[in-house]
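In: Just the structure for this:
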Amino acid sequence: MKAYVTVMLKTTVLDPQGKTIHGALRKSGYKGVGEVRQGKFFELTLDGTLDKAAAQAEVERIAREFLTNPVIEEFSFRLEE
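Out: Have a look, this model is predicted:
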């Protein structure tokens, strides 16, 4: 089973890297992009010892306690067999 975790800055937190990327896109002639927010992506390969409910709980705990700074970041994840 694999877990895919996306970590993003909370919308209330300024994202200077996203603003820089957005400015570079506009200067390079790309059109139609209103805003850019940057984040992190993690792919976790689970060893198969957990059922789906336990895997979901464990990935959520890993994301909350290890992969994010809860003051400024939020996460989402999905599991695949």
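
In: got the residue ranges for the helices in this protein?
Out: 16-27, 52-62 (DSSP state H).

In: Out of the ones you listed, flag the one nearest Glu35.
Out: Closest to Glu35 of the helices of the chain is helix 16-27 (C-beta to C-beta; 6.4 Å). Bear in mind the C-beta positions are built from the backbone N, C-alpha and C, glycine included.

In: Residues in contact with that closest one: which ones?
Out: Outside helix 16-27, the residues that touch it by C-beta atoms under 8 Å, 6 or more residues apart in numbering are 9, 33, 35-38.

In: For it, buried residues please.
Out: Residues of helix 16-27 classed as buried under the neighbour-count rule (16 or more other C-beta atoms under 10 Å) are 18, 22.

In: confidence score at the closest residue to Leu9 other than its chain neighbours?
Out: Nearest non-adjacent residue to Leu9, counting by C-beta to C-beta, 6 or more residues apart in numbering: Asp15, 5.2 Å away. The score at Asp15 is 98. That number is its pLDDT.

In: I'd like to know how far Asp15 sits from Ile62.
Out: 24 Å (C-beta to C-beta, to the nearest Å).

In: Test my guess that Glu43 contacts Val59.
Out: No - the criterion here is C-beta atoms under 8 Å, and Glu43 misses it with Val59 at 11.2 Å.

In: Mind listing the shared neighbours of these two?
Out: Common contacts of Glu43 and Val59 (C-beta under 8 Å, 6+ apart): 3, 5.
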